[in-house]
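Generate coordinates for the sequence data below:
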Amino acid sequence: MTHSPFWGERRDEFLKYSAAFASLSAHWRASWGRWVLLWGSPPDVRKVPPASADAFKAVAQKAVTQLPPGGSDEEAWQTWLDYMRTAGKCEPQGSQIMVTEEEWNAGVKDGKPLVEVRRELGPSADGQREPYRWIQDQRLSRVFEASASFCEELSARELVLVRGANERSKESRRERMRREAVLKLLSSVRSAAESELRKQAANAIARDLPRDRDRAAQVLWPTLSKYASMLFDTAAEKRLEKLGPRASVEKYLRWLESDCVPAVVDDACAPILGQFHRTVEHVSDILGTDHGAEEIERTKRALAGLLTEVMSSPHTEDLANRLTAHLNAEIGRWQVKAIQLASVASPEKDGSRQSKSPERTANDSQFQVRKLNTDLITKWMKTEGYTSTELASRLRVSGRAVSSMRRNGKYHGEPAITKLANLMERDADDLYLA
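Have a look, this model is predicted:
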């Protein structure tokens, strides 16, 4: 994963105009929910030179293309300034403005201008105007210079994410391989499942038209949990079929909990590329105009709110926790199926198990016929840096057993092969020659 030069280029563009247009500032009118550009500082405010406003809007138009959507194309500069305000780059100005609970719930909390809300609600009696929230005008001085600094911050944040991703790719190589192995089991159904998820999510949002991001997350939960459950069940079934009757129920359950559930949750909730983020983007893009324009815009603001939180989102974190709990609750059902499959392979006779163990010993003639792929085992040990002594300690078997497996001897037994296969993240059959 490499670091993009995008934010560095936008920083340089903003800086190019910072000296010539140093007097350009931006002011957030909280009651109106709008930004205005001013030249100079109150009370010495003059008419904004058109060239300064045009230059700022042109660079801001480019900048917002790498941020989650939050406004229309022609108001891209408003979106850019909103991101800076949300990031705490502005300073308060003037007195605080009181907002009642009714006004807050009527749309102010979703970004609807207070003046519009009050016009719709009509006059209220003085006794009913109890303060519930406060809003305040804000000011961003030297807007070109401030925007350049914000681009620098975004560039640094992206670099940290890139380095973190690269570091995680090194530190969690085995975990990543396990997740990829789970997703490989789902390759035949995942594309269709994603398509169905987007379709159902779009229909759910269109029906409900959520007023805020909390409600939007609630509306999306049933479709996303259904998607995750389908993937989990498919992976669990395919894994059980691949292991067959000889599968260890304990190891199968451990795989479900430590490999399958995290892989499915990560597929749903990962930043940027996760299904939750991609589905929200899709729904926002295709949301139609069958309803009133105001309702559509309110819902799009709610969806945009979810997208702006993508790198550190309480909604995404809560969703990941809920999905993990939801899928863990499904493990018991697959435990029953695994036990039933094992009981078919090892039927009881006259009230006791058959005398021969389902696990073959080293003296079993069928076992002796099967030859291990010693080249595969030796190559893996070399790649992972294991000596025979270290591998024996890791597998909790004798050094003699490890040497036997490396030389196709007769002193290891199938339990040792199973342990080695689990460590290699392979099926035991993969360790044998065809």
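
Which helix or strand contains Ala156?
In this assignment (DSSP states H and E), Ala156 forms part of helix 143-171.

which is the next helix or strand following that helix?
helix 173-185.

Check which residues of that next one are buried.
Of the residues in helix 173-185, 178-179, 181-183, 185 count as buried by neighbour count, 16 or more other Cβ atoms under 10 Å. Every C-beta, even on glycine, is put in place using the N, C-alpha and C of the backbone.

counting contacts, what elements does it pack onto?
Helix 173-185 makes packing contacts with helix 213-243, helix 261-269 when contacts are defined by 3 or more Cβ pairs under 8 Å, 6 or more residues apart in numbering; DSSP states H and E.

quick one, that helix and helix 213-243 angle?
Taking axes from the mean of the first three to the mean of the last three Cα atoms, to 10 degrees, one finds helix 173-185 and helix 213-243 inclined to each other by 80 degrees.

those strands in the stretch 51-200 of the chain, which residues are they?
Using DSSP state E, counting those that start in this stretch, the strands of the stretch 51-200 of the chain run over residues 91-99, 133-140.

Most tightly packed of the ones you listed?
Most buried of the strands of the stretch 51-200 of the chain, by mean neighbour count (mean count of other Cβ atoms under 10 Å): strand 133-140, with a mean of 17.

what angle do the helix or strand Val283 falls within and helix 213-243 make?
Secondary structure from DSSP H and E places Val283 in helix 275-286. Counting by the same axes, to 10 degrees, helix 275-286 points 130 degrees away from the direction of helix 213-243.

which other helices and strands contact helix 275-286?
helix 190-208, helix 213-243, helix 261-269, helix 293-308, helix 314-328.

and it, how far from the chain's centre?
The chain centre lies 13 Å from the centre of helix 275-286; the measure is Cα atoms, centre = their mean, to the nearest Å.

Val264 contacts Thr234, doesn't it?
No: the criterion here is Cβ atoms under 8 Å, and Val264 misses it with Thr234 at 9.7 Å.

more neighbours, these two?
Remark: of Val264 and Thr234, Val264 carries more neighbours, 28 against 17, as counted by other Cβ atoms under 10 Å.

From Leu67, how far off is that one?
Computed as Cβ to Cβ, to the nearest Å, the Val264 to Leu67 distance reads 28 Å.

Low-confidence ranges, the stretch 251-400 of the chain, go.
Applying pLDDT under 70 to the stretch 251-400 of the chain picks out residues 272, 288-293, 308-315, 344-369.

Please convert the helices and strands packed on helix 173-185 to JSON lines, extending it with distance to Ala19.
Conversion of the helices and strands packed on helix 173-185 to JSON lines gives the following (distance: least, Cβ to Cβ, whole Å):
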{"stretch": "helix 213-243", "distance to Ala19": "39"}
{"stretch": "helix 261-269", "distance to Ala19": "44"}
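
and the ones you listed, which is most packed in?
helix 261-269 (a mean of 23).

Report the inter-axis angle for it versus helix 190-208.
50 degrees.
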